[in-house]
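Student: Provided below are the primary sequence and the corresponding predicted coordinates.
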Amino acid sequence: MSTETDPAVAAVRTALADPSHDLGEVIVGRPGDTARFLIVRFNPVDGEDFDAEGEMHAAYTIALRAAGWRDALDLGDLVLVPEVPLADTEPGTFIASWAITIDRATDVQDAADQARERQLDLGVTEAVWTVTDSVGRTATVHTQDPDLS
C-alpha cells in the first residue's frame, strides 16, 4: 500500500498537522507493504534543524498519544505498533478488548479463568474497554449497564 493511500499514515499525519509541527519535516511510512507497524521520522529540510531531533520526537510522541496512538514510543525514530493489523482492516471496524485487573492469580491461566468468572458475574455493572480503530488508534472507554446499577 502506498503512503498516499494508507489510512494509518494519513491518520498519523492528521494527528501531527497542527501549528507546532511542520509536516514538510515529518516522514511517516510503513517499511514494506505488509508491515504491521509505522515509523515516524523527523527529517528537516534544513540540515541545521537536526539539533532539534530529540525535542521534535518528544513533541510527536505527545501529539500522537493525545490522538490515541497509545504505543507511540520515543526512540529517535518513532515506531508505532498498534494492536490491530493496519494493512487489512476496513475503516469503521473496531476491536474492543475488555480489561480487568486480577490480583493473586497463580498463573496466566488462573488469571484468565478468574476474568471469565467476573465477566459472567451478573452483579458486575461496569467494564473498562480498550477500543482500537481501523488505523490502530486506541481509546479506553468505561461503560456501565444502567439496568443493573
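Tutor: Great, that's in hand.
Student: C-alpha only now, for contacts and for neighbours.
Tutor: Will do.
Student: Output the below-cut-off pLDDT ranges for the protein.
Tutor: 1-3, 19, 33-34, 46-47, 72-76, 81-90, 146-149 (pLDDT under 70).
Student: how does it look with 80?
Tutor: Regions of the chain meeting the criterion pLDDT under 80 cover residues 1-5, 18-20, 32-36, 45-54, 70-93, 95, 122-126, 134, 136, 144-149.
Student: just so I have it, where are all the strands in it?
Tutor: All strands of the chain, identified by DSSP state E, fall at 26-29, 38-42, 72-73, 78-80, 95-99, 126-132, 138-144.
Student: ok, the last one: who's next to it in the sheet?
Tutor: In its sheet, strand 138-144 lies beside strand 126-132 (antiparallel), with partners assigned from DSSP bridges.
Student: ok, now the second one?
Tutor: Using DSSP bridges, the strands paired with strand 38-42 in its sheet are strand 26-29 (antiparallel), strand 78-80 (antiparallel).
Student: next one: that strand to chain centre, how far?
Tutor: Chain-centre distance of strand 38-42: 14 Å, with CA atoms, centre = their mean, to the nearest Å.
Student: Just the CA coordinates for that strand, please, in CSV.
Tutor: In CSV, the C-alpha atoms belonging to strand 38-42 read as follows (Å, rounded to 0.1, in the frame of the first residue of the first chain):
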residue,chain,number,x,y,z
LEU,A,38,4.6,2.6,11.2
ILE,A,39,7.7,4.7,11.5
VAL,A,40,7.6,8.4,12.1
ARG,A,41,10.8,10.2,11.4
PHE,A,42,12.0,13.8,11.8
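Student: show me the contacts for the residue positioned nearest the centre of the chain.
Tutor: Nearest residue to the geometric centre of the chain (CA atoms, centre = their mean): residue 69, 3.2 Å. With contact taken as CA atoms under 8 Å, 6 or more residues apart in numbering, residue 69 is in contact with 80, 82, 136-138.
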